[in-house]
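[1] Have a look at this prediction, sequence included:
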Amino acid sequence: MNCYPHKSENPAATGSSAIEITHGDFTPEEKRLATITARMALAGHQVHRLEHGYLVVRWGMSRHCPDLAALVNFGRVLGVSE
């Protein structure tokens, strides 16, 4: 027996609100950062935004990337593509 309501029975699960949340007014750079951060997370790496750049962490080791381009290039080294 499933105790969770179906999507059609749940008034909060409307398609329009989900679209508004996921497709806001983001810049291309913000979208690119979100994509690479999510893909690195799926590969087991944490990405932290710093005042000047990004910090990638896994298994107690870290690497500083001074900008988004460096973060993307380091992701490629790790086998994480955009």
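    The structure has been received and is ready for your questions.

[2] Pull out the buried positions in the longest helix that the chain contains.
    Taking DSSP state H as the criterion, the chain has its longest helix at helix 28-42. By neighbour count with 16 or more other C-beta atoms under 10 Å, helix 28-42 contains the buried residues 32-33, 36-37, 39-40. C-beta here means a position set from N, CA and C on the backbone, and glycine is covered the same way.

[3] Name the nearest of those relative to R58.
    Within those, distances to R58 taken as C-beta to C-beta reach their minimum at M40, with 8.8 Å.

[4] and the closest one, what is it in contact with?
    By C-beta atoms under 8 Å, 6 or more residues apart in numbering, the contact set of M40 is 46-47, 56, 75, 78, 80.

[5] related to what we said a few turns ago, continuing past the longest helix of the chain, what's the next helix or strand?
    Sequence order places strand 46-50 as the next helix or strand after helix 28-42, per DSSP states H and E.

[6] if we can go back for a sec, as JSON lines, the buried residues of helix 28-42 with pLDDT and distance to H52 would be great.
    Compiled in JSON lines, those are given as follows (pLDDT from 0 to 100; distance: C-beta to C-beta, whole Å):
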{"residue": "R32", "pLDDT": "91", "distance to H52": "18"}
{"residue": "L33", "pLDDT": "93", "distance to H52": "15"}
{"residue": "I36", "pLDDT": "93", "distance to H52": "18"}
{"residue": "T37", "pLDDT": "94", "distance to H52": "17"}
{"residue": "R39", "pLDDT": "94", "distance to H52": "23"}
{"residue": "M40", "pLDDT": "94", "distance to H52": "19"}
